[in-house]
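Asker: Next comes the sequence, and after it the predicted model I'd like to discuss.
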Amino acid sequence: MKLKTILAATLLTTTLIHADPSPFGLEIGKSTVSMMKEKYSSKFVGINNLSQGDVYDLDTSELGIEGMQSARVIYDKNGKLMGVFTTFPKGKFQYLFGQMKSKYKLVTSNIPYVGDTSAKLTNGNTEIQLNAPHMSFEMELNYVDKNLLKIAKQKSSNDAQQKSKHEASQL
């Protein structure tokens, strides 16, 4: 009996460690458009060219985080949440970084006294990105499914190759 309890606790802990984040109660990779619409007021923005899914802006007043300026959610073509993209005043970077660092695994951070400030964290199949450009008054806190990141990197690589071929053909 004791062995079963230990095994069950180990499995539960492993499952929780590898679960994707759930910003605003919307789990990355699992929550659907209808689940989001049940919780929040939203405005359809269009179709994302990478995920081929719907994009919505959320009413930040409903999210319960002081200072949040915008919140956008991106879904895949099957209606699963692929990313949450938010903006805050730049002054919230240290506070948000501290919160994220206590919850997720830190991958990299660049926090100079002056200059661009950033951090990358991970949890499950999600990358959490904090970016505060030096000459900006805003910062971003993004939760992005790693599959969407792969698609974005592949598109960027393809675009660079196309540009290079085009430029070479002009010479």
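Answerer: Cool, the structure landed.

Asker: alpha carbons only for contacts and neighbour counts from here, please
Answerer: Noted.

Asker: Which helix or strand contains the residue nearest the centre of the chain?
Answerer: In the chain, the centroid-proximal residue (Cα atoms, centre = their mean) is residue 143; its distance is 1.3 Å. Taking DSSP states H and E as the definition, one finds residue 143 inside strand 138-145.

Asker: Extract the CA atoms of that strand and return them as CSV.
Answerer: Extracted in CSV, the C-alpha atoms of strand 138-145 (Å, rounded to 0.1, in the frame of the first residue of the first chain):
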residue,chain,number,x,y,z
GLU,A,138,6.9,48.6,-22.8
MET,A,139,7.9,45.0,-22.3
GLU,A,140,6.5,41.7,-23.4
LEU,A,141,5.6,38.6,-21.5
ASN,A,142,4.9,35.7,-23.9
TYR,A,143,4.0,32.1,-23.5
VAL,A,144,4.6,30.2,-26.8
ASP,A,145,4.2,26.6,-27.7
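
Asker: residue contacts, residue 143?
Answerer: 21, 23, 28, 83-85, 126-129 (Cα atoms under 8 Å, 6 or more residues apart in numbering).

Asker: Kind regards, and thank you for your time.
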